[in-house]
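A.B. asks: Just the structure for this:
(one chain, ligands or ions: 1)
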Amino acid sequence: MRAIHCVLRAVVVAAAIGIAAAGLVSSVPAIAQQPKVKIGLMLPYTGTYAALGTAITNGFKLSIAENGGKLAGREIEYFTVDDESDPAKAPDNANKLIKRDQVDVLVGTVHSGVALAMTKLARDNNTLLIIPNAGADEITGPLCATNVFRSSFSNSQFGIAMGKVMAEQTKKTAVTLTWKYAAGDESVGGFKEAFEAGGGKVIKELSLPFPQVEFQPLLTEIAALKPDVVYVFFAGGGAVKFVKDYAAAGLNKTIPLVGAGFLTDGTLDAQGDAAQGLLTTLHYGDGLNIPKNNAFRAAYTKAYSTSPDVYAVQGYDAAQLLIAGVNAVKGDLSKRAELVKAMETAKIESPRGPFALTKSHNPIHDVYLRKVEGKENKVIAVAIKNLTDPPRGCKL
Ligand code: BEZ
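C.D. replies: Next up is the predicted model:
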């Protein structure tokens, strides 16, 4: 009887402690349960740029995981939209995240045309936007804004670097080929500017609509023109097909093919022998032997059982930029001016090498000359050190 009494008493005490503890917990939610930070990921998950969107998402989430899975102690809720790399759908897609889901931060996207629409909406709604790829020059030019940041590049940068390298190699004539939209136009524009400044001549500018991949007639034209070099901008699934078609036409034996590094980044498994020896320019290379890149590559490969590429790096750095801002305001996103200041002055320890931002919020980074060797874009030289955006009318 006495034993039963003791057990009952213990149960009552435990229950009382439980109730008290519950009371205690419910008395601190103002500190412990701050609302989650809402992050909107607007990226392509279908179409020719699908793999790019996935790599950016993976890189972004890896950086957040390394930060304890939170932002300044606040939990995170993700909202995801597949933008299909379709500029016509961009305003609706961005509004789903801005107006319907009321995200605190918008992260996106890959395609310059879609990013231009996102930038306009982010400016109108004062939504913090971090662009982890799309390089439209205008975004860090006349459209620049205090709430718009880029962790990637601007489109003309890699064309400028390759134009300089090809002129230095004393190539005299070039043909350019690209998808006809901002990214391609600006990439080949950069190439033309630097190549002709170095004494070369672009004898023909070829293009086809995005995301078409009917390359055969264009390859026939290139064969007839016989330039010293061909410079292209293609990425994702289109880059895979172009490199294979170029080799299948036998052109890789007679006319050197070069490009912005997207031509061979994240694509080498699918391109196989057709990509061997290709020269490209980019702000990243798989084999960059610096501690941050080595650690990043090991962590990414462990987390996702696949190798990272430049898109994964840019996603990772978009999160690093956000973490710098959110930490500075201890998670209080209403302190926008302080948050922006911290992002603007952040020194990002990137797998590409450390970088800071220009006044217009674009990375200043080295651009590497890379050569495909096996499954690697091997860095063989620095094409341009600390490349910054040319001034393009950003007023900040
Ligand atoms: C762009 O549209 O800006 C872009 C897309 C893929 C790779 C690089 C740039």
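A.B. asks: Near the ligand, which residues of the stretch 51-200 of the chain are found?
C.D. replies: Applying C-beta under 6 Å from any ligand atom, one finds that the stretch 51-200 of the chain approaches the ligand through 110, 111, 112, 133, 134, 135, 136, 155, 183. For the C-beta atoms, the positions are set from N, CA and C on the backbone; glycine is no exception.
A.B. asks: May I have the secondary structure class of the fourth one?
C.D. replies: Reducing the assignment at residue 133 to three states with DSSP: H, G, I helix; E, B strand; the rest coil gives coil.
A.B. asks: Give me the distance between it and residue 99.
C.D. replies: Per C-beta to C-beta, to the nearest Å, residue 133 is found 24 Å from residue 99.
A.B. asks: looking at the residues of the stretch 51-200 of the chain next to the ligand, which has the most residues close by?
C.D. replies: The residue in these with the most neighbours, by other C-beta atoms under 10 Å, is residue 111 (34 neighbours).
A.B. asks: How about that one, nearest residue that isn't a chain neighbour?
C.D. replies: In this structure, residue 111 finds its nearest non-sequential neighbour in residue 85, 4.1 Å apart by C-beta to C-beta, 6 or more residues apart in numbering.
A.B. asks: I figured the one you found hits residue 44, correct?
C.D. replies: Yes: contact criterion C-beta atoms under 8 Å: residue 85 and residue 44 qualify, at 4.5 Å.
A.B. asks: Give the residues shared as contacts by those two.
C.D. replies: Residues touching both residue 85 and residue 44 by C-beta atoms under 8 Å, 6 or more residues apart in numbering: 109, 110, 111.
A.B. asks: Can you show me the strands along the stretch 151-300 of the chain?
C.D. replies: Remark: strands assigned in the stretch 151-300 of the chain by DSSP state E, counting those that start in this stretch are 173-179, 201-208, 229-233, 257-260, 279-282.
A.B. asks: Now tabulate the ones you listed in JSON lines and tack on mean pLDDT and mean neighbour count.
C.D. replies: Shown next, in JSON lines, are the strands of the stretch 151-300 of the chain (pLDDT from 0 to 100; neighbours: other C-beta atoms under 10 Å):
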{"stretch": "strand 173-179", "mean pLDDT": "98", "mean neighbour count": "24"}
{"stretch": "strand 201-208", "mean pLDDT": "98", "mean neighbour count": "16"}
{"stretch": "strand 229-233", "mean pLDDT": "98", "mean neighbour count": "27"}
{"stretch": "strand 257-260", "mean pLDDT": "98", "mean neighbour count": "27"}
{"stretch": "strand 279-282", "mean pLDDT": "98", "mean neighbour count": "27"}
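A.B. asks: closest to residue 67 out of those strands?
C.D. replies: strand 279-282 (26.3 Å; C-beta to C-beta).
A.B. asks: Kindly export the closest one (C-alpha atoms) in PDB.
C.D. replies: C-alpha atoms of strand 279-282 as PDB (Å, rounded to 0.1, in the frame of the first residue of the first chain):
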ATOM      1  CA  LEU A 279      39.800  26.500 -73.700                       C
ATOM      2  CA  THR A 280      37.300  28.700 -71.700                       C
ATOM      3  CA  THR A 281      37.400  31.700 -69.400                       C
ATOM      4  CA  LEU A 282      35.600  31.700 -66.000                       C
END
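A.B. asks: helices or strands next to it in the packing?
C.D. replies: The contact analysis (3 or more C-beta pairs under 8 Å, 6 or more residues apart in numbering; DSSP states H and E) places strand 279-282 against helix 156-168, strand 257-260, strand 363-373, strand 376-387.
A.B. asks: Just checking: what are the partner strands of that strand?
C.D. replies: Strand 279-282 sits in its sheet next to strand 257-260 (parallel), strand 363-373 (antiparallel), going by DSSP bridges.
A.B. asks: so how far is that strand off the chain centroid?
C.D. replies: Centroid separation for strand 279-282 versus its chain: 16 Å, with C-alpha atoms, centre = their mean, to the nearest Å.
A.B. asks: and if you look at stretch 57-76?
C.D. replies: 17 Å.
A.B. asks: Please apply the same query to stretch 91-106.
C.D. replies: Mean C-alpha position of stretch 91-106 versus that of the full chain (C-alpha atoms, centre = their mean) differs by 19 Å.
A.B. asks: ok, now stretch 326-343?
C.D. replies: That offset, for stretch 326-343, works out to 22 Å (C-alpha atoms, centre = their mean).
A.B. asks: Identify all contacting residues around that stretch.
C.D. replies: 34, 37, 71-74, 104, 126, 128, 146-147, 149, 321-322, 324-325, 357, 361.
A.B. asks: closest one to residue 160 among the strands paired with strand 279-282?
C.D. replies: Across those, residue 160 has its closest neighbour in strand 363-373 (8.1 Å, C-beta to C-beta).
A.B. asks: sorry, back to before: which one's more surrounded, residue 85 and residue 44?
C.D. replies: More crowded of residue 85 and residue 44, by other C-beta under 10 Å: residue 85, with 28 against 25.
A.B. asks: Please identify the most buried of the helices and strands packed on strand 279-282.
C.D. replies: Per residue and on average, the most neighbours among those fall to strand 257-260, with a mean of 27 (mean count of other C-beta atoms under 10 Å).
A.B. asks: Residues touching that strand, excluding its own?
C.D. replies: 158-159, 162, 165-166, 187, 229-234, 243, 246, 251, 278-282.
A.B. asks: Whether that strand contacts the ligand - can you check?
C.D. replies: No: Strand 257-260 does not reach the ligand (C-beta under 6 Å from any ligand atom); its nearest approach is 7.1 Å.
A.B. asks: Please save the CA atoms from that strand in PDB.
C.D. replies: In PDB, the C-alpha atoms belonging to strand 257-260 read as follows (Å, rounded to 0.1, in the frame of the first residue of the first chain):
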ATOM      1  CA  LEU A 257      36.500  26.400 -80.300                       C
ATOM      2  CA  VAL A 258      36.600  28.700 -77.200                       C
ATOM      3  CA  GLY A 259      33.900  30.100 -75.000                       C
ATOM      4  CA  ALA A 260      32.700  31.500 -71.700                       C
END
